[in-house]
Structures are given as structure tokens and as C-alpha cells.
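**Q** Fold the following.
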Amino acid sequence: MKRCIIIGAVEIDFPLEKYIRDTDFVICADKGWQNAVAHGIKPDMIVGDFDSSDMPQYMDADVTVLPVVKDDTDTYYVSRYAVENGFTDVLLRGVIGGRRIEHTIANIQTLLYFAKNRVNATAIDKYSQLMVVHNGVIALPDMENKYFSVFSMGDSAEGVSIKGAKYPLIDYTLTNSYPIGVSNEFIGETVEISVKNGSLLLIISDKD
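**A** So this is what the prediction gives:
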């Protein structure tokens, strides 16, 4: 497995370093390099337009400066790099939450980009894990004191089934105008979530 860590600009108030392996390729998106410094992490690459932060002043890392006016966000540019360079597993930190909700939404859409390119991608903050299931299935181990929720990423997601949970679904058409998939619960079994045609946003969150 070839794994990439993408560190974004949202302030990270949990131990980031415990998620990093020696073999990971670490990319900072723009101001994310400041998160890396704060947690003692050495990035392999730093990419951004640096319109909201100073240029990185340290580290032996490759630095790519992007134009301020562009179609891709800095995180999406880095995500395309990860896909094009064959990374099969991506963990994103510092990309959800914070004061710029539009960037959180953009980064959720970026998770869909990963899923459609058959890359396992997870975005994590202090309270939640986000991932996208596209035309497929995912199995979750029992997680005590956690909720999980599923939402359609398009107008509808067809053939949605949830097995092994408190609130099961069988071959259901989930729409983006009715949040029936919110706040499901683990019951001590492996939970299997599948979708036949469409994409699901899966969120695992703390109960407390």
C-alpha cells in the first residue's frame, strides 16, 4: 500500500504525529506547512499559492508555488497529484472544520474525487472521520461510543443497504433531500454499508 498524508490549513488541536508512519509521503497544502511545524512533522512536499500564509521558511521539502487565480483549490491540486502518482491510501488532516466552511465542502467533494478514482481516502478532525463509498461496499468494525451517518452525494444513491447496525436499510434509495441516514449506531457487530449505484458520504463521529 502506497500511502500519502495531506495536511491542510485548518488548525489541528489533536496529536497529528501519531497518524504519521515513517513510510508515508507527506504533502502540505499551503498553510498546512504551519500545522506540520507545530507537530514536528517534516513534509516531503509543500504546495500552494500562499495567499493566506507566508512562504515556508525551512525544511528540505520540494515547494511548488501555484497561481492565486486558478480552478483547483490547493487541496484539490495536491489530491490530483496523489491520484496521478499512484497513491492508493490517503489520509487528510486539517481539511475539515474551521472558519471557512466553503473549503470544508470543497474537501468533502474532493473525497468523492478520490473514491471515483479507487483511492481509499479519509478526512479526520478531532471529532469525526469522513469518507466516501462509491458503487461499492465498506465494512466497519464495532465502534463503542460512536455514531455513523450516511448521506447521498448526488440527487440519489440507489440500492443502499446497511447491515449489522441499530437501524438497518435494505436496497433503499437514499436522496439528498431527506437525511434518513443520520446518527445510526453500532450494536456490537461488524457494520456493512453498500451502495449499488451512486455515492455515499460516510461520517463516523463521537457520541460525547
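**Q** Next, name the residue at the spatial heart of the protein.
**A** With distances taken as Cα atoms, centre = their mean, the residue of the chain nearest its centroid is residue 123 (2.5 Å).
**Q** Identify the residues contacting that one.
**A** Listed by Cβ atoms under 8 Å, 6 or more residues apart in numbering, the contact set of residue 123 reads 92, 93, 95, 96, 107, 108, 111, 129, 130, 131. Every C-beta, even on glycine, is put in place using the N, C-alpha and C of the backbone.
**Q** Let's see that with 7 Å instead.
**A** Contacts for residue 123 (Cβ atoms under 7 Å, 6 or more residues apart in numbering) come out as 92, 95, 96, 107, 111, 130.
**Q** Ok, residue 147 next?
**A** The contact partners of residue 147, by Cβ under 7 Å, 6+ apart, come to 183, 184, 185, 205, 207.
**Q** one more time with 8 Å, if that's ok
**A** Contacts of residue 147 by Cβ under 8 Å, 6+ apart are 183, 184, 185, 204, 205, 206, 207.
**Q** partners of the helix or strand that contains it in the sheet?
**A** According to DSSP states H and E, residue 147 maps onto strand 146-152. If you go by DSSP bridges, strand 146-152 pairs up with strand 184-185 (antiparallel), strand 199-206 (antiparallel).
**Q** Next secondary structure after the shortest one?
**A** As assigned by DSSP H and E, the chain's next helix or strand after strand 184-185 is strand 191-194.
**Q** now that following strand, how far from the centre of its chain.
**A** Strand 191-194 sits 19 Å away from the centroid of its parent chain (Cα atoms, centre = their mean, to the nearest Å).
**Q** Would you map out the domains in this structure?
**A** 3-126, 133-206 (automatic domain parsing).
**Q** Adding mean neighbour count, write the strands paired with strand 146-152 out as TSV.
**A** Listed next are those as TSV, based on neighbours: other Cβ atoms under 10 Å:
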stretch	mean neighbour count
strand 184-185	16
strand 199-206	19
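**Q** what ranges of the chain fall below the confidence cut-off?
**A** 1, 52-59, 66-67 (pLDDT under 70).
**Q** in it, which spans are strands?
**A** Applying DSSP state E to the chain gives strands spanning 3-7, 25-29, 45-48, 62-65, 89-93, 120-124, 128-134, 137-140, 146-152, 156-163, 169-175, 184-185, 191-194, 199-206.
**Q** Which among those is found nearest to residue 100?
**A** Among these, strand 25-29 comes nearest to residue 100, with 12.8 Å by Cβ to Cβ.
**Q** Name every sheet partner of that closest one and say whether each one runs parallel or antiparallel.
**A** As assigned by DSSP bridges, strand 25-29 forms pairs with strand 3-7 (parallel), strand 45-48 (parallel).
**Q** Neighbours of residue 99, how many?
**A** Residues near residue 99, counting by other Cβ atoms under 10 Å, number 8.
**Q** again with residue 117
**A** If you count neighbours by other Cβ under 10 Å, residue 117 ends up with 14.
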